[in-house]
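*Asks:* Mind folding the following:
(chains A and B)
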Amino acid sequence: MNRQGSFFAGFSAILLMVLVGFSFYCFSEANKKIGGGISAMDNLTCVHDSSDRLSFYLRESAKLSAQQAFHDIANASAIDKNTQTCFTKQHNGENVIQFSSSCMPGTEIIEKMFLSEYEKNMEDFIGKYPEKMPVEISSSFENNIVSSSAKADFVAAQNTSYAEYNLSYGLSEKINVTLTSEQIALEDFSEIYLKSAGAANECKNSNDVKSCIEGKIAIDGWSVAATPENGWVLFEFATKKYFFFEDEGEKFRNIAMKFGI
Amino acid sequence: MIKDKKAQIAGFLSDTVLLIFMIFLLVVFFIASSVYFGFSKNEIEKSALQYNLESSGHISLNAFLQKPVEVEINGQKQKMTGADLIRLSKIDAKYDSVLKPEIKSFDSYYDCAFRTEADAETINASIREFNEKRTAHFYIPSENPVLVALQISGMKK
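*Replies:* Model prediction:
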């Protein structure tokens, strides 16, 4: 019986078990820490994808907001009812604004109306964003370009004993909608009034007022229909290009504008 | 001398047995750890492939939504983007026939599933599902926003 040898063997076995157990524990801890690190990369990708989604949504919203604003202005006969006083005449149960020297589309007023409608539409779209989140937005209008600056913060956090981090990603997006490339021309409204008033005046003694007026008015991107009424002429303009807008439901069609002279 | 030699042989034999036992333990330990911790090369390659598929889905879907398309409406050709076409097919189902071939273009590159969701009530459940499965998705602004998703399960050779 080698008692010393037996003790040594027993001690070695216990030491080996302790070492193996400790190694397992260390590997397990390292594994969880690496997992935590990998989750940070995953979360970073997620945050980046979310910001990409919002950025795309905002750019699309800006385009739609401009189209909607254009529709709203045309629908109001390019007149700001709050600052301009206009007479109306009834046609098929509908009030039609009568243009005159004191009631006509003015480019400056239209640009202000456009920006105000655009901002309102943008806010509406942002409010409908499915991943509800605060977005700061400010817009301006210059040289037929409507610009919006949008800011939003994305945060991802992990707080476990293996991974503790806070990821924050700030989206700062500058969105420009060039109206000419969208075929939106706000100056067309003044031209529509001037050409319509001129044609109505020149054709008032014509035998065929309708054909005379329609033959005299040619505006790029618009089609015109004139209907002589009792003592006035009803003008119905429509864009040749189709736009997306909401008017008792979502539509994709040409934008129409009605007025009388 | 003879006794010492016998003791030497016995010592050598017991050392050898111990060495074999330790090598055996190391091999068992190595196999057990690679199974338990799952750090095999295949696993890493699998997660790298998954990551590539996810980013391919995100980039491809983004590109598709901005891709210019031409649609004939009432005899007139209207220029629009992929996102506009999805919005248009939501307004009028007859444009689904124009949208479907455009979506089919994904099939030439990937084994994938394309989905659109416009119902406000189910959209939140779908967002949760897509976030969990890391499915590429975007939102198209509309009267009710449209959720568009592209789940890629593999690349076509």
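*Asks:* quick one: the closest residue to A:Lys216 other than its chain neighbours from A:Gly106, how far?
*Replies:* Spatial nearest neighbour of A:Lys216, excluding adjacent residues (C-beta to C-beta, 6 or more residues apart in numbering or on different chains): A:Ala199 at 4.0 Å. No exception for glycine: its C-beta is placed from N, CA and C like everyone else's. Using C-beta to C-beta, to the nearest Å, we find A:Ala199 at a distance of 20 Å from A:Gly106.
*Asks:* cool, and A:Leu179?
*Replies:* Distance, A:Leu179 to A:Gly106, by C-beta to C-beta: 17 Å.
*Asks:* got a list of contacts for the strand ranked longest in chain B?
*Replies:* Once chain B is assigned using DSSP state E, the strand that runs over the most residues is strand B:146-155. Under the contact criterion C-beta atoms under 8 Å, 6 or more residues apart in numbering or on different chains, strand B:146-155 has outside partners A:130, B:53-54, B:56-57, B:60-61, B:64-65, B:83, B:86-87, B:90, B:106, B:109-118, B:123, B:126-127, B:130, B:133, B:135-140.
*Asks:* Only the buried subset of the residues you listed, as a PyMOL command please.
*Replies:* The buried subset of these, as determined by 16 or more other C-beta atoms under 10 Å in any protein chain shown, is captured in PyMOL by this line:
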select buried, (chain A and resi 130) or (chain B and resi 53+54+56+57+60+61+64+65+83+86+87+90+106+110+112+114+117+118+123+126+127+130+135+136+137+138+139+140)
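*Asks:* Can you flag which of the contacts of strand B:146-155 belong to strands?
*Replies:* With DSSP E as the criterion, strands contain B:110-117, B:136-140 from among the contacts of strand B:146-155.
*Asks:* Which residue ranges of chain A form strands?
*Replies:* A:87-91, A:94-98, A:136-142, A:145-159, A:164-178, A:222-228, A:233-246, A:250-260.
*Asks:* In the last one, which residues are buried?
*Replies:* It stands for strand A:250-260. Neighbour-count burial for strand A:250-260 flags A:Glu250, A:Lys251, A:Phe252, A:Arg253, A:Asn254, A:Ile255, A:Met257, A:Lys258, A:Phe259, A:Gly260 (criterion: 16+ other C-beta under 10 Å).
*Asks:* next one: the second one
*Replies:* Applying a neighbour-count criterion of 16+ other C-beta under 10 Å, the buried positions in strand A:94-98 are A:Val96, A:Ile97, A:Gln98.
*Asks:* Would you reformat those residues as TSV and include distance to chain B and pLDDT?
*Replies:* What follows is the buried residues of strand A:94-98, written out as TSV (distance: C-beta to the nearest C-beta, whole Å; pLDDT from 0 to 100):
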residue	distance to chain B	pLDDT
A:Val96	26	90
A:Ile97	27	90
A:Gln98	31	91
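*Asks:* Spell out which residues of the stretch 1-150 of chain A are next to chain B.
*Replies:* A:16, A:20, A:23-24, A:27-28, A:31, A:45-46, A:49, A:52-53, A:56-57, A:60-61, A:64, A:125, A:128-131 (C-beta under 8 Å from any C-beta of the partner chain).
*Asks:* Is it possible to mark the buried ones in those residues?
*Replies:* A:31, A:45-46, A:49, A:52-53, A:56-57, A:60-61, A:64, A:125, A:128-130.
*Asks:* Between all of the residues you listed, which two are separated the most?
*Replies:* Maximum pairwise distance in these, criterion C-beta to C-beta, is 48.9 Å, between A:Asn31 and A:Leu64.
*Asks:* picking up where we left off before, compare A:Ala199 and A:Gly106 and say which is more crowded by neighbours.
*Replies:* For the pair A:Ala199 and A:Gly106, the greater number of neighbours falls to A:Ala199 (23 against 17), based on other C-beta atoms under 10 Å in any protein chain shown.
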